[in-house]
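*Asks:* Sharing a model prediction with you, sequence too.
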Amino acid sequence: MSSPALASSSFADRLAALSSADRLLCGLLIGFALFALTLGIGYGVAMALARSGVLSFLPDTPYRILTLHGTSAFFYWLFIAQAALLIVLAAGETGRGIALRTFAWIGTVLIAAGFVLSELSALTGTPLLYDANPELGLDDPQVVAGMAGGYLLLAAGLTAISVSGIATILVGPRKVADGFSALGFGLFALAGFLIVSAVAAVNAFLPNLLWALGYAAFPKDATTEWHILFHNLHYLPLMATVLVWYALARNLTGAQSITGAAFSKVVFASYLVFVPPTSLYHMFLEPNLPESMRVAGSLLSLFVSVPTLIAFLIVVASLEAHARANGATGLFGWIRRLPWTNPVIANMGVAMLTMLIGLVFAFVLIQEKLAPLLSDTVFVPGYFHFFAVGTITQTFLAVMMVALPAISGRALWRPAVLSRMPWIVLTGLLLFGVGGIVAGFLGVPRRVVDIGYDGAAPALWRPLMALLGVGGVVFAAGLSVSLYGVARSLIPSRKPASARAGQSVAWTITGATGAPAWTGPVAVLTMVVAMYGATIVAFELMQALPVAASGSSSH
């Protein structure tokens, strides 16, 4: 049972009250994640400039940069950040410190070793792209071993940190009287999902490693195992994102979910029900996939976003109901009452908006008839960055803006400046997305950097790539400022621990719940209409192309 002091203390208060050893570990994990993001942004800008024709490289260099960008940003930034937030949120939820801290330290060391191995392999060996495709390394098994070994160390590290996270939740005082809190339950599920994904990583990369070391035959099922792993890898960060939304909304409103903790637990558990079976749609590009499996994949793909959309509705409805209880009027009047000068709110708001935009075009890509036409075009990075950058990265930065000042005691750097950065990121993403999505509809390949084809390429390809490049630089600039502002709080303050909680960015809405909340349902209805509209446009545009080429078998 939680004590009265714990029940009344805020998330920031509980983090500030952690032991110095716990705060050191939390700060180190967050700093490690931010370093991986810094590299990912740098490599991404180089690719955007190469795409737009501003930079030119030797033939292999763009693929090396692309490998490094995907490895640093997708694998290491997103998953080190999830490990860090699992530990931080669990410790902040229970207020009892990090349990089995040795496991968390071992996990951190393992991930660091994997990071070094992956980066060195990508820098010095044959570029395998971020999925470490062994077919590209037939003549260079050493780099296959390095990339596979790095990812296996990452998986082992995530498992060790997840064990510490689970233990932290289990020993928390909130568990005893009433069971897990909704957030505690969600974190428990996330930790389990991380461990399951680590097992999937072993299935995907251990055969590659054994072949590269000469202990096994070439892994003929590498592509299928990658599809299974990849499906989990890109939905796990979305689950972590909605958990952060839930935690921030509760921290900002001072109240639990408007639908109640029990329903929130059902939503978090539904990720384990809806996500694993829906992986079939990743295999639409496999030429030997039976028609029955294609039909099943198409039907299951309709359910893949159900947990995320329900969580979105809960969070938005909770914020709206509290704002209306405090006097907000009109259909969207409550939105204007939110403190957009708070960078946490600004990041969270833009993250939700970009998720809705991303889902519109994700629905287009998972159509069986469109997947072979679009999966190997720049449509994929065009829509995917709405999720990876706009939704997930900005959400993770938002919670770090609350957590790091409490951990270090150093006030957040220039909140007024940081509150403007999400809108710059959104502007860049819209430019990047328009350029990439339209270019994808017109057939621009995503793994070919020089798209001139000796003058044979359509004239519209080049300006669309220029638009993509401009958008990439713009959102990278906004993201870099936010990253810098967050990283400044890594430096510990000399203030006493009692003063640390006051350094966090705080804002609350008070008042009763129960007011009507319509914005969430209206937003989802609008998104569904946009999904079908975008799908119709995609079919029309793709049918108008003179040649319809199938994509490759890897996302």
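*Replies:* All right, it came through fine. All values derive from a computational prediction rather than experimental measurement.
*Asks:* Would you map the helices across the stretch 51-200 of the chain?
*Replies:* 61-69, 78-94, 101-124, 141-170, 174-178, 182-212 (DSSP state H, counting those that start in this stretch).
*Asks:* likewise the stretch 201-350 of the chain?
*Replies:* Using DSSP H, counting those that start in this stretch, the helices of the stretch 201-350 of the chain run over residues 222-253, 261-274, 291-301, 306-325, 333-337, 343-365.
*Asks:* can you list those in TSV and add mean pLDDT and distance to residue 427?
*Replies:* Every C-beta, even on glycine, is put in place using the N, C-alpha and C of the backbone. Output for the helices of the stretch 201-350 of the chain, formatted as TSV (pLDDT from 0 to 100; distance: least, Cβ to Cβ, whole Å):
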stretch	mean pLDDT	distance to residue 427
helix 222-253	82	21
helix 261-274	71	31
helix 291-301	58	30
helix 306-325	76	22
helix 333-337	76	19
helix 343-365	89	10
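*Asks:* Which positions in stretch 52-69 come out as buried?
*Replies:* Residues of stretch 52-69 classed as buried: 52, 55, 57, 62, 63, 64, 65, 66, 67, 68, 69 (neighbour count, 16 or more other Cβ atoms under 10 Å).
*Asks:* which of the residues you listed sit farthest apart?
*Replies:* 52 and 67 (19.8 Å; Cβ to Cβ).
*Asks:* Find the nearest non-adjacent residue to residue 21, please.
*Replies:* What sits nearest to residue 21 in space, not counting adjacent residues and going by Cβ to Cβ, 6 or more residues apart in numbering, is residue 101, at 6.8 Å.
*Asks:* what's the neighbour count on the one you found?
*Replies:* Neighbour count of residue 101, defined by other Cβ atoms under 10 Å: 18.
*Asks:* That one contacts residue 164, correct?
*Replies:* Yes: assessed by Cβ atoms under 8 Å, residue 101 is found in contact with residue 164 at 6.6 Å.
*Asks:* Off-centre distance for whichever strand or helix holds residue 14?
*Replies:* Residue 14 is part of helix 11-16, with elements assigned from DSSP states H and E. In terms of Cα atoms, centre = their mean, to the nearest Å, the centre of helix 11-16 is found 24 Å from the chain centre.
*Asks:* still on that earlier bit, in TSV: the helices of the stretch 201-350 of the chain, plus distance to residue 114 and mean neighbour count.
*Replies:* Output for the helices of the stretch 201-350 of the chain, formatted as TSV (distance: least, Cβ to Cβ, whole Å; neighbours: other Cβ atoms under 10 Å):
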stretch	distance to residue 114	mean neighbour count
helix 222-253	15	22
helix 261-274	25	18
helix 291-301	31	15
helix 306-325	28	23
helix 333-337	42	16
helix 343-365	28	23
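*Asks:* Which among those is found nearest to residue 388?
*Replies:* Nearest of these (Cβ to Cβ): helix 222-253, 7.9 Å.
*Asks:* neighbouring contacts of stretch 17-33?
*Replies:* Stretch 17-33 has contacts (Cβ atoms under 8 Å, 6 or more residues apart in numbering) with 9, 15, 76-77, 80-81, 83-84, 87-88, 91, 95, 97-98, 101, 104-105, 108, 111-112, 115, 161, 396, 400, 403-404, 407-408, 487, 490, 492, 497, 501.
*Asks:* from the residues you listed, which would you call buried?
*Replies:* 9, 15, 76-77, 80-81, 83-84, 87-88, 91, 95, 97-98, 101, 104-105, 108, 111-112, 115, 161, 396, 400, 403-404, 407-408, 487, 490, 501.
*Asks:* Got phi/psi on residue 377?
*Replies:* phi -120, psi 170 (degrees, to the nearest 10).
*Asks:* for it, what are its contacts?
*Replies:* Here residue 377 is in contact with 439, 440, 441, 443, 444, 445, 446, 551 (Cβ under 8 Å, 6+ apart).
*Asks:* Against residue 380, how distant is the nearest residue to residue 365 once chain neighbours are set aside?
*Replies:* Spatially, and ignoring its direct neighbours in sequence, residue 365 is nearest to residue 374 (5.7 Å; Cβ to Cβ, 6+ apart). Residue 374 sits 7 Å away from residue 380, going by Cβ to Cβ, to the nearest Å.
*Asks:* ok, those two, which is more surrounded?
*Replies:* Under the neighbour definition other Cβ under 10 Å, residue 374 and residue 380 were set side by side, and residue 374 has more, 24 against 20.
*Asks:* Read off the pLDDT value for that one.
*Replies:* Residue 374 is assigned 81 on the pLDDT scale.
*Asks:* do the same with the one 4 residues further on
*Replies:* We have a pLDDT of 93 for residue 378.
*Asks:* how many neighbours does it have?
*Replies:* Residues lying near residue 378 (other Cβ under 10 Å) number 29.
*Asks:* contacting residues for it?
*Replies:* Residues near residue 378 by Cβ under 8 Å, 6+ apart: 51, 435, 436, 439, 440, 444, 445, 446, 465, 468.
*Asks:* before we move on, the earlier item: please tabulate the helices of the stretch 51-200 of the chain in CSV, including the columns distance to residue 222.
*Replies:* Putting the helices of the stretch 51-200 of the chain into CSV (distance: least, Cβ to Cβ, whole Å) gives the following:
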stretch, distance to residue 222
helix 61-69, 16
helix 78-94, 20
helix 101-124, 17
helix 141-170, 10
helix 174-178, 41
helix 182-212, 6
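*Asks:* Can you tell me which of the ones you listed has the worst average pLDDT?
*Replies:* helix 174-178 (a mean of 47).
*Asks:* so the residue nearest to residue 365 touches residue 364, yeah?
*Replies:* Yes: contact criterion Cβ under 8 Å: residue 374 and residue 364 qualify, at 7.2 Å.
*Asks:* can you give me the helices in the stretch 401-550 of the chain?
*Replies:* Taking DSSP H, counting those that start in this stretch, the helices of the stretch 401-550 of the chain run over residues 415-418, 421-441, 461-488, 519-544.
*Asks:* Not counting its own residues, what contacts the first one?
*Replies:* Read it as helix 415-418. By Cβ under 8 Å, 6+ apart, the surrounding residues in contact with helix 415-418 are 341, 342, 343, 346, 401, 412, 481, 482, 485, 505.
*Asks:* what comes up buried for it?
*Replies:* 415, 418.
*Asks:* quick one, phi psi at the residue nearest to residue 348 when sequence neighbours are not counted?
*Replies:* Nearest non-adjacent residue to residue 348, counting by Cβ to Cβ, 6+ apart: residue 398, 5.1 Å away. Main-chain dihedrals, residue 398, degrees, to the nearest 10: phi -60, psi -50.
*Asks:* gap between residue 398 and residue 472?
*Replies:* Per Cβ to Cβ, residue 398 is found 22 Å from residue 472.
*Asks:* do the same with residue 62
*Replies:* 14 Å.
*Asks:* Same question for residue 265.
*Replies:* When Cβ to Cβ is applied, the distance between residue 265 and residue 472 equals 39 Å.
*Asks:* now do residue 213
*Replies:* From residue 213 over to residue 472 the distance is 38 Å, taken as Cβ to Cβ.
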